[in-house]
Structure formats: C-alpha cells, structure tokens
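1. What would the 3D arrangement of this be:
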Amino acid sequence: MAAPVSWRRLLHSVSSPALVGVFTRISDRLFRARDRRRGSSVLLLAPLLVDTDPVPQRISKPPGSARAQGTEGLCAHFRWMAEQVPAFRVPGGNIKILTSPDQFYQTMKKRIQTAERRVVMASLYLGTGQLEQELVDCMEEVLQHSQENGHSDLKVSILLDYTRGSRGQINSRTMLLPLLQRFSSQMRVSLYHTPDLRGLLRLLVPQRFNETIGVQHIKVYLFDDSIIISGANLSDSYFTNRQDRYVLLENCREVADFFSDLVEAVGDVSLQLQPDDSVTMLEGMVHPYKGNRQDFSTGARKRIMEVLNTARTRLQLQQQQLSEKSEDEGMMSEGDEDTWVFPLVQMKPLGIRVDEQVTQRLLTDAGSGSTVYLTSGYFNLTRAYMRLVLGAGASYRILTASPEVNGFFGAKGVAGAIPAAYIHIARQFYNQVCRLGQQERVHLHEYHRSQWTFHAKGLHKKNTQVAGVNPTCDFSGWSWHVLPMHVWLFCRCSGFHPQTRNMRVRLMGHFIVCRWECVSLACSGDLSRASPISHPTTAGDQLPLMLLRMKRVRK
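-> Purely as a prediction, here's the structure:
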C-alpha cells in the first residue's frame with residue numbers, strides 16, 4: 001500500500017525532499033508486498049510516531065484592544081480567548097459532572113426518551129452490542145411517539161466517522177439503517193470522511209488501519225437545550241467499565257444551539273447515509289476523496305468557521321449591550337452567570353488550529369501560583385507541549401493510564417505493543433524531568449483499577465482567582481490530525497467549582513505515583529504474554545519496543 005500520510009509528514013519534517021522521495025518509493029514497494037487482507041500492522045503505531053511539533057502563531061490581543069467587547073465580567077487572564085472563540089456565560093448551577101460510565105449511559109437514555117425538539121449525537125462510532133441497541137431503541141420510541149402525537153418537529157441527527165462507522169459487516173451504519181428507513185424525514189446520519197484518505201491510499205489500506213490516517217473525533221451528546229461534553233464513544237465499554245469524563249450542561253439554550261449548528265456544519269461536508277446503505281453528498285458540496293483536496297478543505301473550513309465567527313460576533317454584541325445596561329459594570333452578584341464556556345475546534349486537515357493555539361497559550365501563561373492537572377489515557381505529549389511543561393512555573397500533575405488499563409492491553413499482534421510504547425514515551429519524558437531537577441514540580445501518576453480501562457482526557461487549571469477545566473482535551477500530535485471538539489469552562493467559586501475538585505479527588509483515588517527504576521530487555525511489547533515488570537519474549541515480526549521495570553509508590 002502507499003506509505004501512510006502520517007509517515008510522509010514525519011519524513012518531510014526531518015529529511016530532504018530527495019530522501020523523502022527515495023524512502024517513499026521503497027516503502028510503497030514494501031507495503032504493496034504485504035498480504036492485503038492482513039494489512040500493515042505497523043500502521044497501528046502511526047499515532048505514536050506522529051509529532052508534528054507545530055509552531056503556531058501566538059494568540060495575542062489586537063493592537064489598541066484592551067479587552068474583547070462584553071467580557072468585563074471575565075477574569076482578565078482569559079479575555080483574549082473571547083477574541084478568538086465564542087464565549088458563553090452560564091450559571092454554574094446548571095453544570096453537573098457525571099462520575100461513572102453507567103451514569104453517562106443512563107443519562108443519555110433518559111434524555112433521549114424525554115427529548116421534544118432535537119437529539120444531536122456526534123461520536124467516532126456507534127457500537128453494535130446490546131447496550132448500543134438500547135440507545136437506538138430509545139431513539140425509535142421517541143420518534144414513534146412524536147409521530148403518533150402529530151408532532152413531527154423532533155429531529156435526530158447523528159454524526160460519525162465514515163471509516164470507523166463502516167468497519168465490518170455489522171457496524172454503526174447497519175445499526176442506524178432501520179431508523180433511517182422508517183423515519184427518513186426526521187432522521188439524518190452523516191459520515192465524515194477525511195480528505196487525507198484518497199486515491200491509491202484509500203484503495204490499498206484495509207479497514208481498521210485506514211483509521212490511522214484521520215477520523216472524525218467530535219464527541220457531543222445533545223438533547224433539546226442540554227448537552228453532555230465527553231471523550232467517550234457510543235460503545236458498551238464506555239457505558240460499563242471504561243473511565244472517561246462527562247460534563248452535563250443543563251438548560252443552556254445558546255450553548256446547545258451552537259453545538260447543534262457546529263455538528264450540522266460538519267455533517268453538511270460529510271457523506272449522507274441513505275436508507276439503502278449508500279452514501280451521497282449534499283448538492284453543491286465537494287466530495288472528500290473524489291473531489292479536489294484543496295477545494296474540499298477550503299469549502300469545509302469556510303462552512304465551519306462561519307458557525308464559530310457568527311456565534312462569537314453575536315455573543316460579543318450581546319455582552320456589550322448587557323454591560324452598558326449594568327450599573328456595576330464587571331461585577332457579578334450572587335446568582336449571576338458565573339461560568340464561561342469556550343468551545344475550541346481543532347481540524348488541522350481543514351486548516352483550523354484554534355485548540356492547539358489556545359491550549360499552548362494557557363500552558364505558557366500558567367505561573368508559579370497555578371496547578372495544572374493534565375489527563376490523557378495515552379501519554380504522548382508533543383515536543384511543543386513537553387517544552388511548555390518543563391519550562392513552566394506551574395505545578396503539574398500528569399495523570400495517565402497504566403499498561404494494564406490501556407485499551408490495547410492484551411491485544412493480539414502489534415496492537416499489544418502499544419501500552420509498552422506509551423510507557424517508553426513516559427519514561428523518556430520523566431528522564432527529562434529528572435535531568436532538569438523538576439521532580440518536585442512535575443509528577444506522573446498512573447491509573448490502576450482492576451477490570452477497568454482508562455480513557456479520560458482533559459486539562460484542569462486552577463489558581464487563587466479562577467478554575468478552568470477542559471474535560472476532553474488531548475495532547476498528542478495524533479489529536480491534531482483528527483477532528484476533535486474541546487470545551488473550556490472557567491469559573492469562580494460557585495456550585496460548579498467544588499464539582500471539579502470532587503471529580504479530581506475521585507479520579508486521584510485510583511492513581512499511584514510513578515518512578516522508573518530500570519529498563520528491562522528489549523521486547524516485542526506483547527503484553528498479553530508479558531507484564532510490564534517481567535522479561536518478555538520476542539514474537540515474530542512485531543515492532544521491537546522497550547518494556548520498563550517500574551517501581552510504583554502509593555501516594
């Protein structure tokens with residue numbers, strides 16, 4: 001098969017054009033020589049090898065602009081964000097943090113069953129098990145009820161990734177087809193297809209491996225005017241024993257309208273699932289892999305940025321008008337909307353890089369009086385983020401998954417090596433921490449919980465003035481090549497603030513401090529046969545990795 005796009009990007013960052021051309025021709029020949037049905041298992045490790053290390057332009061205030069219009073009530077440290085993205089002001093009491101996969105699942109079912117106007121769900125994929133079928137059944141019941149009562153205003157919109165949602169004979173598409181066939185006027189299923197997977201690459205890369213090229217990664221679960229922000233997918237493990245983060249915003253009409261418009265915009269540039277399981281594009285839209293690559297990206301970027309810019313301008317005007325009417329400008333009385341919601345979009349294939357720019361500035365501005373809790377199920381910080389963490393004045397608590405709770409633990413083939421690869425990356429980072437004498441400021445913690453896996457992502461930043469939480473932020477180079485949707489929530493001491501602390505305390509109850517003692521022998525990384533503290537054996541043609549002997553100390 002043709003060399004993956006991620007590998008090509010990596011080569012261009014380190015090699016001359018001549019060497020890139022030679023390697024590409026060699027790799028194309030090698031990839032083509034493999035059994036197509038078997039695929040190239042090395043592709044599964046592509047996300048670990050991608051480190052684009054971008055140097056985005058630093059976000060700064062326009063000359064002569066002391067602050068964004070209408071943001072007087074916002075802590076001065078974050079007014080610059082309102083100049084870049086929409087800034088929604090909501091009551092902290094309307095925000096609730098869900099604590100478990102089951103609570104997340106039961107909340108979704110209940111909200112679907114009681115929806116009156118809209119159900120909007122965006123995810124990587126919809127699973128095919130019994131729990132997922134119950135979700136589909138809830139949609140069917142509420143749609144049927146709306147028709148029986150003569151109220152067909154209820155609309156259901158689903159946005160999934162095309163490659164992940166089409167994997168296998170029974171897949172996300174087949175799960176939703178009965179609804180689409182029965183309620184075609186009220187149901188929409190959009191399948192986003194990355195423009196990077198095209199031509200020979202699309203023809204030759206088999207299912208599962210083609211998902212390493214790029215996917216739709218927005219996770220939004222919206223019911224009327226309430227919305228759940230999470231990193232969880234619509235799959236049974238995320239409903240039972242796969243720990244993630246979940247933030248419920250209740251009765252937040254403007255926020256819900258924005259996310260509904262955003263999902264609709266991404267859906268407009270996606271393939272539309274038809275009742276006969278075929279897919280088509282909306283009239284006037286460029287096809288993602290048959291049409292011109294640049295034309296598709298330009299059109300998609302324009303459509304999506306239109307949603308962001310329209311909301312940002314409207315909110316700035318509203319806040320300015322409210323401020324002009326206020327006698328105590330910039331002061332918030334008890335009961336006022338004391339929490340700010342900033343949605344961030346990262347769609348690098350389309351030229352949208354808002355999230356990485358904002359996140360880098362937030363990490364850069366974190367001073368000695370701040371504490372940052374950085375959470376990721378897959379520890380793979382880019383070099384840019386590593387430099388920011390190592391050079392910052394803030395205290396860092398980096399929370400990640402132990403090998404045993406990594407979703408790839410025990411997998412067959414090269415996938416079983418992925419947990420070991422993440423340990424290797426974490427050890428390299430910890431070595432830098434030690435060399436710089438930063439052990440007292442930067443701490444690494446691993447999540448341990450029997451029979452559970454860990455998928456939580458996020459960033460929690462707090463100081464004496466304000467606390468901020470981003471429940472879905474990821475920090476790897478891979479995340480910059482997919483289409484994620486992240487949300488920052490900044491609050492003063494309100495009903496929401498204690499919830500963020502309680503959420504952190506609950507998670508920390510399953511973490512232990514990590515310190516590396518020594519490195520074991522090189523191995524295949526097949527953790528189904530070798531634990532991280534044993535001497536594993538080499539197996540076949542799997543990618544050699546270093547397993548680490550770790551000394552774990554209870555905090």
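
2. quick check: mean pLDDT across stretch 357-374?
-> The average of the pLDDT scores along stretch 357-374 is 83.

3. Same check on stretch 240-257?
-> Per-residue scores along stretch 240-257 average to 94.

4. Repeat that for stretch 110-121.
-> 97.

5. contacting residues around that stretch?
-> Stretch 110-121 has contacts (C-beta atoms under 8 Å, 6 or more residues apart in numbering) with 135, 138-139, 141-142, 151, 153-159, 220-224, 226, 228, 234, 259-260, 263. Using the backbone N, CA and C atoms, a C-beta is placed for each residue, glycine as well.

6. Assess the claim that His443 and Ile398 are in contact.
-> Yes: using C-beta atoms under 8 Å, His443 is in contact with Ile398, at 6.9 Å.

7. Tell me where this protein is predicted with low confidence.
-> The chain contains residues with pLDDT under 70 at 1-77, 326-337, 462-485, 491-555.

8. re the thing from before, give me the buried entries from the contacts of stretch 110-121.
-> Buried subset of the contacts of stretch 110-121 (neighbour count, 16 or more other C-beta atoms under 10 Å): 135, 138-139, 142, 154-159, 220-224, 226, 228, 234, 259-260, 263.

9. Pull out the buried positions in the lengthiest helix in the chain.
-> In the chain, taking DSSP state H as the definition, the longest helix is helix 293-325. In terms of neighbour count (16+ other C-beta under 10 Å), helix 293-325 has its buried residues at 296-297, 299-301, 303-305, 307-308, 311-312, 315-316, 319.

10. for the helix or strand just after that helix, packing partners?
-> Sequence order places strand 339-347 as the next helix or strand after helix 293-325, per DSSP states H and E. Here strand 339-347 touches strand 88-90, helix 253-268, helix 293-325, strand 352-353, helix 354-365, strand 485-491, going by 3 or more C-beta pairs under 8 Å, 6 or more residues apart in numbering; DSSP states H and E.

11. which residues of the stretch 351-500 of the chain fall in strands?
-> Using DSSP state E, counting those that start in this stretch, the strands assigned to the stretch 351-500 of the chain run over residues 352-353, 371-376, 395-401, 442-447, 453-454, 458-462, 467-470, 485-491.

12. Including distance to Leu179, could these go into a markdown table?
-> What follows is the strands of the stretch 351-500 of the chain, written out as a markdown table (distance: least, C-beta to C-beta, whole Å):
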| stretch | distance to Leu179 |
| --- | --- |
| strand 352-353 | 31 |
| strand 371-376 | 34 |
| strand 395-401 | 35 |
| strand 442-447 | 36 |
| strand 453-454 | 29 |
| strand 458-462 | 32 |
| strand 467-470 | 33 |
| strand 485-491 | 24 |
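
13. for those strands, which one sits closest to Pro288?
-> Of all the strands of the stretch 351-500 of the chain, the one in closest proximity to Pro288, counting by C-beta to C-beta, is strand 352-353 (15.4 Å).

14. Could you list every helix and strand in contact with that closest one?
-> So strand 352-353, by 3+ C-beta pairs under 8 Å, 6+ apart, packs with helix 293-325, strand 339-347.

15. picking up where we left off before, list just the nearest of the buried residues of helix 293-325 to Ser278.
-> Nearest to Ser278 out of those is Phe296 (C-beta to C-beta; 19.8 Å).

16. Quickly note the distance from that closest one to Gly391.
-> Relative to Gly391, Phe296 is positioned 38 Å away (criterion: C-beta to C-beta, to the nearest Å).

17. Phe209 is nearest to which of the strands of the stretch 351-500 of the chain?
-> strand 453-454 (21.7 Å).

18. In terms of secondary structure, what does the closest one contact?
-> strand 242-243, strand 395-401.

19. for those, which one ends up most surrounded?
-> strand 395-401 (a mean of 23; mean count of other C-beta atoms under 10 Å).

20. Excluding chain neighbours, give the residue nearest to Asp295 in space.
-> Spatial nearest neighbour of Asp295, excluding adjacent residues (C-beta to C-beta, 6 or more residues apart in numbering): Val286 at 4.8 Å.

21. count of residues packed around the one you found?
-> Using other C-beta atoms under 10 Å, Val286 is surrounded by 18 other residues.

22. what's near enough to touch it?
-> Val269, Asn292, Asp295, Phe296, Gly299, Ala300.

23. With Asp102 instead?
-> Phe239, Thr240.

24. Does it belong to a helix, a strand or coil?
-> At Asp102 the chain is in helix, as set by DSSP: H, G, I helix; E, B strand; the rest coil.

25. how close does it get to Leu131?
-> 10 Å.

26. which residues do these two both contact?
-> Common contacts of Asp102 and Leu131, defined by C-beta under 8 Å, 6+ apart, comprise Phe239, Thr240.

27. Just to check, Cys138 is in contact with Lys109?
-> Yes: applying C-beta under 8 Å, one finds Cys138 in contact with Lys109, separated by 5.2 Å.

28. mind giving me the domain split of this structure?
-> What automatic domain parsing lists as the domains of the chain is 5-48, 91-310, 337-553.

29. Out of the ones you listed, which is closest to Gln84?
-> Using C-beta to C-beta, the nearest of the domains of the chain to Gln84 is domain 337-553, at 6.4 Å.

30. contacts for stretch 168-177?
-> 125-128, 132-133, 136, 158, 160, 164-166, 187, 189, 191, 207, 273, 275, 277.

31. Generate a ChimeraX selection restricted to the buried entries among those.
-> Selection of buried members from these for ChimeraX, criterion 16+ other C-beta under 10 Å:
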select :125,126,127,128,132,136,158,160,164,165,166,187,189,191,273
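
32. Which members of the contacts of stretch 168-177 are positioned in helices?
-> Using DSSP H, the contacts of stretch 168-177 in helices are Glu132, Gln133, Val136, Arg164, Gly165.

33. Pretty sure the first one sits against Tyr125.
-> No: shown here, Glu132 and Tyr125 do not form a contact pair, counting by C-beta under 8 Å, at 9.6 Å.

34. which residues are in contact with both of those two?
-> Common neighbours of Glu132 and Tyr125 (C-beta under 8 Å, 6+ apart) are Leu234, Ser235.

35. How many residues are close by the nearest residue to Met305 once chain neighbours are set aside?
-> Nearest residue to Met305, sequence neighbours excluded (C-beta to C-beta, 6+ apart): Ile352, at 6.8 Å. Number of residues near Ile352 (other C-beta under 10 Å) recorded here: 19.
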